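Undergrad: quick one, fold the following:
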Amino acid sequence: MSTIQSRSRRKAALLALAAALTVAAPIAEARPGGGGSMGSRGSRTYTAPSATPTAPGGGMTMQRSQTSPSPGMTNPGMQPSGRRFGGGFFAGLLGAGLLGALLGGGFFGGLGGLASMIGLLFQVGLLVVVVMLVMRFFRRRNAEPAAASYARTGPNPGNGGPMGGPMGGPTGGRAGGPMGGMAAGPMGGTPRQPQMRQVQIGPNDFQAFERLLGDIQDAYSREDRVTLSNLSTPEMVGYFDEELQGNASRGVVNRISDVKLLQGDLAESWGEDRTDYATVAMRYALKDVTMERGSGRIVANGDPEATELWTFQRQPGRGWILSAIQQTTR
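TA: Purely as a prediction, here's the structure:
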C-alpha cells in the first residue's frame with residue numbers, strides 16, 4: 001500500500017512540474033514585447049542603439065524583424081518574422097511527454113520503480129534533442145532564402161552630433177531606407193542610398209513619447225487591437241497580436257497599470273527619406289500581473305520596473321508611432 005501511495009505522490013509532483021512548464025514558462029515577461037527585442041529601425045534595425053545614462057550598456061541587437069539586413073550587414077541573431085518555433089510549443093510538447101510517461105504511454109511504455117524514473121529522464125532528454133533539431137532545421141530553411149538575396153556593398157554613410165531636448169543623449173551611427181536596407185533603384189536595379197538628414201527632437205516630442213509609453217501599455221492590457229494599430233506600426237501590432245493570442249490560448253490575461261516614466265534619454269534621432277526616427281531609452285515603473293481569465297487568480301507577477309529602448313517613427317503630417325522595442329544590455 002505504501003508503495004502505491006509513494007508512486008501516487010511522485011506522479012502528483014511530476015504532474016505539477018509538467019503544468020508549470022506548460023503554463024508558467026511562456027509568461028515570464030508578460031508586458032508588451034514579452035521582454036524581447038523586435039521591430040524595425042530603418043537601416044539601423046540591426047545596429048545596437050547607443051548607450052545613454054538611462055541605458056549605460058546600450059541596447060541589444062534585434063531578434064525579430066520584418067526588415068532585411070542592409071546590403072553588407074550581417075545579423076547573427078536574426079530570427080524569421082512570425083510565430084516563434086519554441087516557447088509555448090516546446091513547453092507544451094515537454095509537458096505532453098511528461099504526462100505520457102506518467103500515464104504509462106511514453107515512447108517505450110511504462111516501467112516500474114527506478115527503471116521508470118530513468119526511462120522518464122531519458123524520454124525528456126530525447127524530446128529536448130528532437131525539438132532542438134527541428135528548430136535548427138526550420139531556422140536554416142528560413143535563413144537560406146534571405147541570405148541568398150543580400151547584395152554586397154560598403155557601409156552606409158553616418159551622421160552624428162548631439163541632439164537637444166529634456167532627455168538629452170547622443171545621436172549618430174549608420175542609416176538607410178525607411179524599412180531597413182536601401183531603397184531599390186528604378187526598374188529594380190542597384191539599390192540607391194536614401195537621403196539622410198538630421199532630426200531635431202524637442203520637448204513636444206518627448207511628451208509624445210511618454211504619452212505613447214502609457215497609452216500602448218494600457219491598450220495592450222485591455223487587448224484593444226484597434227488602439228494598438230493607431231499607436232504602432234503594422235509590424236509591431238502583429239507581434240502584440242501574437243502575444244495576446246498566446247495569452248488567450250493559455251486562458252490568462254495580462255493586466256498592466258500605474259505606468260510611470262522614471263527616467264528617459266534620447267539615444268538616436270535621424271531621418272531617412274521622408275521618415276523620421278527616434279530611439280529613446282526609458283526606465284519606467286509599472287504594475288504587471290498575469291491572471292486567469294475566468295477566476296481572476298494571479299498566476300504571475302512581472303517586474304515592478306523595466307528599462308527598454310523604444311523606437312518611434314513619424315511620416316510627414318502624422319504623429320509618432322512605435323516601430324520597435326529593444327531590451328538593454330547589462
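Undergrad: need the three-state assignment for the residue nearest to Ile325 when sequence neighbours are not counted.
TA: Excluding the flanking residues, the one nearest Ile325 by Cβ to Cβ, 6 or more residues apart in numbering is Gly33, at 4.0 Å. C-beta coordinates here come from the backbone N, C-alpha and C atoms, glycine included. With DSSP: H, G, I helix; E, B strand; the rest coil as the basis, Gly33 sits in coil.
Undergrad: wait, Gly33 touches Leu309, no?
TA: No - Gly33 lies out of contact with Leu309 (Cβ atoms under 8 Å); the separation is 10.6 Å.
Undergrad: need the overlap of contacts for the two.
TA: Ile325 (Cβ atoms under 8 Å, 6 or more residues apart in numbering).
Undergrad: any idea how far Gln326 is from Ser65?
TA: As judged by Cβ to Cβ, to the nearest Å, Ser65 and Gln326 stand 10 Å apart.
Undergrad: out of these two, which sits in the busier spot?
TA: The neighbour comparison of Ser65 against Gln326 (other Cβ atoms under 10 Å) goes to Gln326, with 28 against 24.
Undergrad: mean confidence for whichever strand or helix holds that one?
TA: Element membership of Gln326, judged by DSSP states H and E, is strand 321-327. The pLDDT scores in strand 321-327 average 98.
Undergrad: give the other helices and strands that that strand contacts.
TA: Under the contact criterion of 3 or more Cβ pairs under 8 Å, 6 or more residues apart in numbering; DSSP states H and E, strand 321-327 touches strand 38-39, helix 203-221, helix 225-231, helix 234-249, strand 305-314.
Undergrad: buried ones in the last one, by neighbour count?
TA: Read it as strand 305-314. For strand 305-314, the neighbour count (16 or more other Cβ atoms under 10 Å) marks Ala306, Thr307, Glu308, Leu309, Trp310, Thr311, Phe312, Gln313, Arg314 as buried.
Undergrad: residues contacting the first one?
TA: What that stands for is Ala306. Arg31, Arg283, Tyr284, Leu286.
Undergrad: any idea how far the last one lies from Thr52?
TA: With the distance defined as Cβ to Cβ, Leu286 ends up 20 Å from Thr52.
Undergrad: ok, now the first one?
TA: Arg31 sits 21 Å away from Thr52, going by Cβ to Cβ.
Undergrad: between the two, which one's more packed in?
TA: Between Arg31 and Thr52, Thr52 has the larger neighbour count (other Cβ under 10 Å), namely 26 against 23.
Undergrad: residue ranges of each domain in the protein, please.
TA: Using automatic domain parsing, the domain ranges for the chain come out as 1-29+73-149, 31-65+161-186+193-330.
Undergrad: how many residues are close by Pro304?
TA: Neighbour number of Pro304 under other Cβ under 10 Å is 10.
Undergrad: look up phi and psi at it.
TA: Backbone torsions of Pro304, given as degrees, to the nearest 10, read phi -80, psi -10.
Undergrad: one more: Thr279?
TA: Dihedral angles (degrees, to the nearest 10) for Thr279: phi -110, psi 130.
Undergrad: run through the bridge partners of it.
TA: Glu268, Thr311 (DSSP bridges).
Undergrad: show me what contacts it?
TA: Here Thr279 is in contact with 41, 44, 49-50, 59, 266-269, 309-312, 324 (criterion: Cβ under 8 Å, 6+ apart).
Undergrad: closest to Asn301 among the residues you listed?
TA: Trp310 (22.8 Å; Cβ to Cβ).
Undergrad: pretty sure the closest one sits against Tyr277.
TA: No - counting by Cβ under 8 Å, Trp310 stays clear of Tyr277, with 11.3 Å between them.
Undergrad: what residues sit buried inside the helix or strand Trp270 falls within?
TA: Assigned by DSSP H and E, Trp270 belongs to strand 252-272. Judged by neighbour count (16+ other Cβ under 10 Å), strand 252-272 contains these buried residues: 252-256, 259, 261, 264-272.
Undergrad: now for those residues: which two are most distant?
TA: It's Val252 and Gly271 that sit farthest apart of the buried residues of strand 252-272, by Cβ to Cβ, at 40.9 Å.
Undergrad: for the strand holding Trp270, packing partners?
TA: If you count contacts as 3+ Cβ pairs under 8 Å, 6+ apart, strand 252-272 packs onto strand 196-197, helix 203-221, strand 275-292.
Undergrad: all set now, cheers.
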